[in-house]
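Asks: Build me a model:
(one chain, ligands or ions: 1)
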Amino acid sequence: MNFVSVGLLLAVLPAFGGQQGASLAPIALYSQFQQEPPAGVLQAVREELSSIMAPMGLRFEWHALNAVRGQEVAVELAVITFKGRCDLNHLALHGTHSGPLGWTHISEGAILPFADIDCDGIRSFVQGGLLGVRAELREAMFGRALGRVLAHELYHIFANTQHHGSGVGKAAYTVANLLDENFQFDEKESAALLTSRTHELLTAAGEDSLR
Ligand SMILES: [Zn+2]
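Replies: Purely as a prediction, here's the structure:
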């Protein structure tokens, strides 16, 4: 055990609630893309999701849905479908997108662990802003925006709530929410994740794996 890194980890955790210092079992994310994304976009999606969820101790293991053999075991999982093109070809100065950027499937009032992320819609929405930055920064910025929409949908799934707050869990994003340097869950949204059944199960499974 490296005490220096443990100290840093505790320092960045929020002061309220939660299983501080406990190592939670990872959540399995099964992803599929209608079109393969550029590596830089995909990396930024993963990094942003990790960074947004780290204060709650949530970690993710990514798997390609088409490589699933049916023998995988996960404490918690979600299936993510990225719709449209997740690349940056043919950017236009003025976006015309209105409507949802992502959505989570619900059946008879129950939230299901299936979410869709609309790459075409998100790109249309933020493309004017992306054209305002240097070309070599755009993939990372676009991936970060996709990661925020993904974190929003996973909040619905793992906090098991249809409610919205004022952070990453807010009902409607502005372009700035998607492109700014920093965007996080507010305190209520964080608490909902920290006190969720999912968090409890992942904590118990994490402790089991240490025995
Ligand atoms: Zn929502």
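Asks: what packs against the longest strand along the chain?
Replies: If you go by DSSP state E, the chain has its longest strand at strand 110-118. Judged by 3 or more Cβ pairs under 8 Å, 6 or more residues apart in numbering; DSSP states H and E, the packing partners of strand 110-118 are strand 77-83, strand 102-107, helix 135-158. From N, CA and C alone the C-beta is placed, and that goes for glycine too.
Asks: which other residues reach the helix or strand following that strand?
Replies: Later in the chain than strand 110-118, the nearest helix or strand by DSSP states H and E is helix 119-131. With contacts defined as Cβ atoms under 8 Å, 6 or more residues apart in numbering, helix 119-131 is touched by 34, 37, 82-86, 88, 91-97, 99-102, 138, 141-142, 145-146, 149, 175, 178-179.
Asks: Determine the angle, from 0 to 180 degrees, between helix 119-131 and strand 102-107.
Replies: Put simply, helix 119-131 runs at 160 degrees to strand 102-107, going by axes from the mean of the first three to the mean of the last three Cα atoms, to 10 degrees.
Asks: For helix 119-131, list the C-alpha coordinates in PDB.
Replies: Extracted in PDB, the C-alpha atoms of helix 119-131 (Å, rounded to 0.1, in the frame of the first residue of the first chain):
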ATOM      1  CA  CYS A 119     -23.200  11.700 -31.200                       C
ATOM      2  CA  ASP A 120     -24.800  13.500 -34.200                       C
ATOM      3  CA  GLY A 121     -27.000  15.600 -32.000                       C
ATOM      4  CA  ILE A 122     -24.200  16.600 -29.600                       C
ATOM      5  CA  ARG A 123     -21.900  17.500 -32.500                       C
ATOM      6  CA  SER A 124     -24.600  19.700 -34.100                       C
ATOM      7  CA  PHE A 125     -25.100  21.400 -30.800                       C
ATOM      8  CA  VAL A 126     -21.500  22.200 -30.000                       C
ATOM      9  CA  GLN A 127     -19.900  22.400 -33.500                       C
ATOM     10  CA  GLY A 128     -19.900  26.200 -33.500                       C
ATOM     11  CA  GLY A 129     -17.900  26.200 -30.200                       C
ATOM     12  CA  LEU A 130     -15.600  23.500 -31.500                       C
ATOM     13  CA  LEU A 131     -14.700  25.500 -34.600                       C
END
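Asks: and it, which residues are buried?
Replies: Cys119, Gly121, Ile122, Arg123, Ser124, Phe125, Val126, Gln127, Gly129, Leu130 (16 or more other Cβ atoms under 10 Å).
Asks: Out of these, which comes closest to Ala159?
Replies: Relative to Ala159, the closest of these is Ile122; by Cβ to Cβ it sits at 21.9 Å.
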